[in-house]
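Undergrad: Got a predicted model here, sequence first, then my questions.
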There are 2 protein chains.
Amino acid sequence: MKRVVIIGSGNLAEALARAVAKSDLELVQIFARNAERARIVAELTATDWATHPEMLARDADIYLIAVSDRAVEHVAATLPIPQGAAVAHTAGSVPLAAIPAKFARRAVFYPMQTFTKGREVDFPVIPIFLETPSAELRPELEAFARKLSGAVIWATSEQRAKVHLAAVFACNFANHMYAVGERIVHDAGLDFDVLKPLIAETAAKACDARSPLDVQTGPAVRNDFATKARHSDLLSFDLRLKNIYSTISQSIWETSKKI
Amino acid sequence: MKRVVIIGSGNLAEALARAVAKSDLELVQIFARNAERARIVAELTATDWATHPEMLARDADIYLIAVSDRAVEHVAATLPIPQGAAVAHTAGSVPLAAIPAKFARRAVFYPMQTFTKGREVDFPVIPIFLETPSAELRPELEAFARKLSGAVIWATSEQRAKVHLAAVFACNFANHMYAVGERIVHDAGLDFDVLKPLIAETAAKACDARSPLDVQTGPAVRNDFATKARHSDLLSFDLRLKNIYSTISQSIWETSKKI
């Protein structure tokens, strides 16, 4: 499998297009509803783009569907993708079954990372979770994925749903903790910048550790009542934050008791 | 101020000792209750150590108290620190007043970072929050801090308490989100390693952003009910995690509406 069409033009589609363009695979076309974005991504990756179904390239080996979770099923069912091609969606929390069974070579190709338009990521280190019911496609899909990343993992839809949920905690929720931190330093008349060395070191330390449990610090894991009480008082201006503080502190303490 | 005694031998004391030893300041002594740790830190930094109050070096210019929050007040009040010396504690959430007023040159020197024994940090980028009631000490303390870090910030005890609280969210709570992620990938039969590229990129992206609010991704900020409902189902095995999921998702959505 060499010739690739990417369907979609969002954050993930752009990152995928950049990765395919850098590899020795051939990026045939960016196909997307949003013509402006399709053009931008195609220009970034020196390929063609199209927005009308009748213009979809018919001669690719694999179609990567990188659209919103909700749209995967509709796009796979209605676009004139050749029936003999490999068709893979790229969504963490969408089951394989969202791709119609008429495609014998259907699959999932889920790169677990947080993608932002205009931001290049180190694609070759991103874990890619693969799934296919086709024994014939299996080795081809693995070889294809290995051209884009060194971390290729076979996973069922059920496993992938859990991995996606884990990613929500480790990425989306961690980022919200940064946002709450920002709000509190603003309240102290300081800038978000003061938190950046701490954020960088916290992530680096967890990544160097066997487990984040081994590097947990702070008043919650020490069960330091006096500090927790002072913090709770400081959060009296926002009951939602006060509730988050006590809920997570309790969870840290409960978790630490188990190890 | 050139001659430094560090009181304490924990994570922060070790990091401070390494930073002082690397600077053109003079590390005179590590003084700590725990003789074994005092010896280890002193050997790391090629200085002397002591564990009995009568052996405390009397000829230093500044005594940095890096002991547990609870112990700051007792240590400052009972050790035979010369009354003319500068005496600074290093705790984020402890007020300046924990140092007895008999020390005219009393201060706070709070380096905001997460420290772990045996792990070297990039000290010169760490924000150091300073406070002193002494107009005379002020310029000396600032010059002293600038020998250790390029990020020196004057802050009141009240501001510092907020900064410390913000650090609990951005560091301790973010790390717990990694730990919950680990638990869920383990449940899927996978290793914590699969989350590491995501954790690293999430932190890097926030640090490159104007605000973490600008780079928030995931089902909560999209208010994607279907995905949130699937995730909630997956967490049925642990009501505490289910509660954390809904509390933080709600907070992400409420926060995003304000911007």
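TA: Arrived safely.
Undergrad: What residues does the nearest residue to residue A:248 once chain neighbours are set aside make contact with?
TA: Of all residues not flanking residue A:248 in the chain, residue B:173 sits nearest, at 5.0 Å (CB to CB, 6 or more residues apart in numbering or on different chains). C-beta: built from backbone N, CA, C; applies to glycine. Residues in contact with residue B:173 (CB atoms under 8 Å, 6 or more residues apart in numbering or on different chains) are A:177, A:180, A:248, A:252.
Undergrad: which element is residue A:229 on?
TA: Assigned by DSSP states H and E, residue A:229 falls within helix A:225-234.
Undergrad: which strands and helices sit next to that helix?
TA: Packed against helix A:225-234 by the contact rule (3 or more CB pairs under 8 Å, 6 or more residues apart in numbering or on different chains; DSSP states H and E) you find helix A:219-222, helix A:239-258, helix B:157-167.
Undergrad: Of all these, which one is nearest residue B:216?
TA: The closest of the helices and strands packed on helix A:225-234 to residue B:216 is helix A:239-258. By CB to CB, the value is 15.4 Å.
Undergrad: what's the angle from that closest one to helix A:225-234?
TA: Orientation of helix A:239-258 against helix A:225-234 (axes from the mean of the first three to the mean of the last three CA atoms, to 10 degrees) gives an angle of 160 degrees.
Undergrad: ok so, going back, can you list contacts of the helix holding residue A:229?
TA: So helix A:225-234 is in contact with A:219-220, A:242, A:245-246, A:249, B:69-70, B:93, B:161-162, B:165, B:168, going by CB under 8 Å, 6+ apart.
Undergrad: Where neighbours are concerned, which of the contacts of residue B:173 has the most?
TA: residue A:177 (28 neighbours; other CB atoms under 10 Å in any protein chain shown).
Undergrad: That one: what secondary structure?
TA: Following DSSP: H, G, I helix; E, B strand; the rest coil, residue A:177 is assigned to helix.
Undergrad: so what's the closest residue to residue A:46 other than its chain neighbours up against?
TA: In space, and not counting its chain neighbours, residue A:46 is closest to residue A:21: 6.7 Å by CB to CB, 6+ apart. By CB under 8 Å, 6+ apart, the residues touching residue A:21 are A:27, A:44-47.
Undergrad: Return the member of those residues nearest to chain B.
TA: Distance to chain B, by CB to the nearest CB, is smallest for residue A:44 among those, at 18.7 Å.
Undergrad: Name the nearest residue to the residue nearest to the spatial centre of chain A, ignoring sequence neighbours.
TA: For chain A, the residue sitting closest to the mean C-alpha position, by CA atoms, centre = their mean, is residue A:113 at 3.5 Å. In this structure, residue A:113 finds its nearest non-sequential neighbour in residue A:126, 4.7 Å apart by CB to CB, 6+ apart.
Undergrad: give the contact list for the one you found.
TA: Contacts for residue A:126 were tallied using CB under 8 Å, 6+ apart; they are A:111-113, A:149, A:151, B:197.
Undergrad: what's the closest of the residues you listed to residue B:102?
TA: residue B:197 (53.5 Å).
Undergrad: how close does that closest one get to residue A:154?
TA: For residue B:197, the distance to residue A:154 equals 18 Å [CB to CB, to the nearest Å].
Undergrad: Looking at those two, which one has more neighbours?
TA: residue B:197 (23 against 13).
Undergrad: Give me the pLDDT for the closest residue to that one other than its chain neighbours.
TA: Closest residue to residue B:197 apart from its sequence neighbours, by CB to CB, 6+ apart: residue A:125 at 4.9 Å. Here, the pLDDT recorded for residue A:125 equals 96.
Undergrad: Residue A:125 against residue A:148, yeah?
TA: No - counting by CB atoms under 8 Å, residue A:125 stays clear of residue A:148, with 10.9 Å between them.
Undergrad: more crowded one of the two?
TA: A side-by-side neighbour count of residue A:125 and residue A:148, using other CB under 10 Å, places residue A:148 first with 21 against 14.
Undergrad: Next up, phi/psi of the more buried one, please.
TA: The phi and psi values for residue A:148, taken as degrees, to the nearest 10, are phi -110, psi -30.
Undergrad: I figured it hits residue A:19, correct?
TA: Yes - assessed by CB under 8 Å, residue A:148 is found in contact with residue A:19 at 5.1 Å.
Undergrad: shared neighbours, the two?
TA: residue A:123.
Undergrad: picking up where we left off before, filter the contacts of helix A:225-234 down to just the buried residues.
TA: A:219-220, A:242, A:245, A:249, B:69, B:93, B:161-162, B:165, B:168 (16 or more other CB atoms under 10 Å in any protein chain shown).
Undergrad: So for the residue of chain A most remote from its centre, what's the pLDDT?
TA: Largest separation from the mean C-alpha position in chain A: residue A:226, at 38.9 Å (CA atoms, centre = their mean). We have a pLDDT of 90 for residue A:226.
Undergrad: follow-up on the earlier one: and the helices and strands packed on helix A:225-234 as CSV, adding distance to residue A:54 and mean pLDDT?
TA: Below are the helices and strands packed on helix A:225-234 laid out as CSV (distance: least, CB to CB, whole Å; pLDDT from 0 to 100):
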stretch, distance to residue A:54, mean pLDDT
helix A:219-222, 59, 94
helix A:239-258, 50, 92
helix B:157-167, 54, 96
